[in-house]
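need coordinates for the below:
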Amino acid sequence: MRLRAIVVRSKNKKNPIEDLVKRASLLRKDSIHGKLRGTVTIDEENQQLIINSSRVQIIFADAPEDIDYTTYGINDAMLIDNTGAWRDKEGLSRHLRPGIAQVLFTAPGKGIKNIVHGINQKDLNFKDDNVFCAASCTTNAIAPVLKVLHDKFGIKNGHLETVHAYTNAQNLLDNYNKKERRGRAAAVNMVITSTGAASAVSKVIPELAGKLTGSAIRVPIPDGSLAIMTLNVSKETSIDDINATLREASLYGDLVEQIQYSTSREFVSTDVIGASAASVFDAPATRVSEDGKTMTVYVWYDNEYGYTRQVLRLAKYAAQVRRYRYY
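Next up, the predicted model:
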């Protein structure tokens with residue numbers, strides 16, 4: 001796949017060069033992930049960024065209806081929407097403009113298929129499903145591990161708690177926010193909030209519908225999150241059995257790209273930054289009750305990069321351009 005264009009709001013359309021300069025600077029270096037291993041230059045005349053010799057058109061628009069992608073030589077393309085402005089099929093279908101064949105939304109969607117690559121991507125119908133989503137970063141992190149554990153031990157019910165890095169939905173300093181608690185300064189507070197990941201899992205793994213509850217705590221770190229899952233299972237098990245099951249899944253089968261297995265007893269949140277897997281299973285942290293029927297497992301995830309890799313896997317699969325990797 002090739003990145004052909006980036007669509008941005010037209011607030012800087014009167015001064016597009018300034019916008020290009022700022023976006024090029026943001027791409028060259030990142031506060032979390034460091035410097036880009038490559039080059040970014042600006043073509044002012046054509047309003048393009050040249051990223052590692054690839055020309056990427058910057059399109060200024062306020063609404064999908066304002067754009068005809070074919071005028072930029074873009075045809076039969078996939079549009080990836082990460083604005084959150086539209087979350088249902090009707091709204092996201094506005095992107096199906098001339099030149100656009102598919103729309104992939106990078107958050108849980110309503111009335112469209114929620115896909116976690118590695119779990120249920122085969123549910124996509126290449127002919128009919130032209131609008132779909134990649135669920136959330138947390139759903140992508142927990143679904144692979146839950147799938148493995150459910151297949152082996154049978155999950156009866158459980159609770160998910162995410163310890164999540166703060167996001168743009170929170171305030172940098174104390175100020176009004178329409179969401180509960182999110183008005184308090186993100187970088188100095190632990191903030192209890194909600195997560196839809198527990199219910200969203202049922203859209204990916206239907207047999208877990210109604211079996212999980214969930215909540216979240218936003219914590220003062222910019223990236224790197226942790227999912228803690230306490231699960232009641234049908235089959236009696238042990239720490240060694242659980243860890244062996246996840247280790248095997250990380251090395252063999254359909255989830256080798258989604259699950260990374262860690263044996264480190266020194267693993268902390270910064271260690272997950274840059275992990276390409278959707279989830280990093282923390283084996284030393286596994287706990288099991290005396291009767292062997294209740295387990296607590298810990299799963300780290302880079303809620304930025306790990307999720308982005310999942311989005312790209314799904315995009316390549318849906319566009320039918322993915323090349324298989326052999327280990």
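
which non-adjacent residue is nearest residue 321?
Using C-beta to C-beta, 6 or more residues apart in numbering and skipping residues adjacent in sequence, the residue nearest residue 321 is residue 1, 5.7 Å away. In short, each C-beta sits where N, CA and C put it, glycine included.

tell me the pLDDT at the one you found?
According to the per-residue confidence, residue 1 scores 86 in pLDDT.

in a helix, residue 18, correct?
Yes - the assignment for residue 18 is a helix, going by DSSP: H, G, I helix; E, B strand; the rest coil.

quick one: neighbours of the residue nearest to residue 321, just the number.
11 (other C-beta atoms under 10 Å).

please enumerate the helices of the stretch 51-200 of the chain.
Secondary structure of the stretch 51-200 of the chain by DSSP state H, counting those that start in this stretch: the helices cover 89-92, 137-153, 197-204.

helix or strand right after the helix or strand bottoming out on mean pLDDT in the chain?
For the chain, counting by mean pLDDT, DSSP states H and E, helix 197-204 ranks last in confidence among helices and strands (a mean of 91). Towards the C-terminus, the helix or strand next in line after helix 197-204, according to DSSP states H and E, is strand 212-219.

direction included, what does the helix or strand that that following strand is followed by pair against?
Toward the C-terminal end, the helix or strand that comes next after strand 212-219 (DSSP H and E) is strand 225-233. Paired with strand 225-233 in the same sheet, following DSSP bridges, are strand 155-165 (antiparallel), strand 294-301 (antiparallel).

in the least confident helix or strand of the chain, what counts as buried?
197-201, 203-204 (16 or more other C-beta atoms under 10 Å).

make CSV out of those residues and add distance to residue 273.
Conversion of the buried residues of helix 197-204 to CSV gives the following (distance: C-beta to C-beta, whole Å):
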residue, distance to residue 273
197, 20
198, 25
199, 28
200, 24
201, 24
203, 28
204, 25
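
what's the most buried one of the helices of the stretch 51-200 of the chain?
Of the helices of the stretch 51-200 of the chain, the one with the most neighbours on average (mean count of other C-beta atoms under 10 Å) is helix 137-153, at a mean of 25.

give the other helices and strands that it contacts.
strand 155-165, helix 197-204, strand 225-233, helix 239-251, strand 259-262, strand 279-282, strand 294-301, helix 305-318 (3 or more C-beta pairs under 8 Å, 6 or more residues apart in numbering; DSSP states H and E).

switch the cut-off to 6 Å
Taking 3 or more C-beta pairs under 6 Å, 6 or more residues apart in numbering; DSSP states H and E as the contact definition, the neighbouring helices and strands of helix 137-153 are helix 197-204, strand 225-233, strand 279-282, strand 294-301, helix 305-318.

pLDDT on it, on average?
So the average pLDDT for helix 137-153 ends up being 98.

and the contacts of stretch 159-178?
138, 182-186, 195, 198, 212-219, 221-230, 303 (C-beta atoms under 6 Å, 6 or more residues apart in numbering).

let me see the ranges of the strands in the stretch 1-150 of the chain.
According to DSSP state E, counting those that start in this stretch, the stretch 1-150 of the chain carries its strands in the segments 5-8, 29-30, 34-35, 40-43, 48-51, 54-60, 77-81, 100-105, 113-114, 131-133.

now the ones you listed in CSV, with mean neighbour count and mean pLDDT?
Converted to CSV, these look like this (neighbours: other C-beta atoms under 10 Å; pLDDT from 0 to 100):
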stretch, mean neighbour count, mean pLDDT
strand 5-8, 18, 95
strand 29-30, 12, 96
strand 34-35, 9, 96
strand 40-43, 15, 97
strand 48-51, 18, 97
strand 54-60, 17, 96
strand 77-81, 20, 97
strand 100-105, 22, 97
strand 113-114, 20, 96
strand 131-133, 24, 97
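
please name whichever of the ones you listed is nearest to residue 15.
When these are compared by C-beta to C-beta, strand 54-60 sits nearest residue 15, at 10.6 Å.

and that closest one, which strands flank it?
Each strand paired with strand 54-60, and its direction, by DSSP bridges: strand 5-8 (parallel), strand 48-51 (antiparallel).

turn those into a markdown table, including distance to residue 63.
Formatted as a markdown table, the entries for the strands paired with strand 54-60 read as follows, by distance: least, C-beta to C-beta, whole Å:
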| stretch | distance to residue 63 |
| --- | --- |
| strand 5-8 | 10 |
| strand 48-51 | 22 |
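
tell me which of the ones you listed sits nearest to residue 158.
Across the strands paired with strand 54-60, closest to residue 158 is strand 5-8 (C-beta to C-beta), at 40.0 Å.

picking up where we left off before, between the least confident helix or strand of the chain and strand 225-233, what angle do the directions make?
Put simply, helix 197-204 runs at 70 degrees to strand 225-233, going by axes from the mean of the first three to the mean of the last three C-alpha atoms, to 10 degrees.
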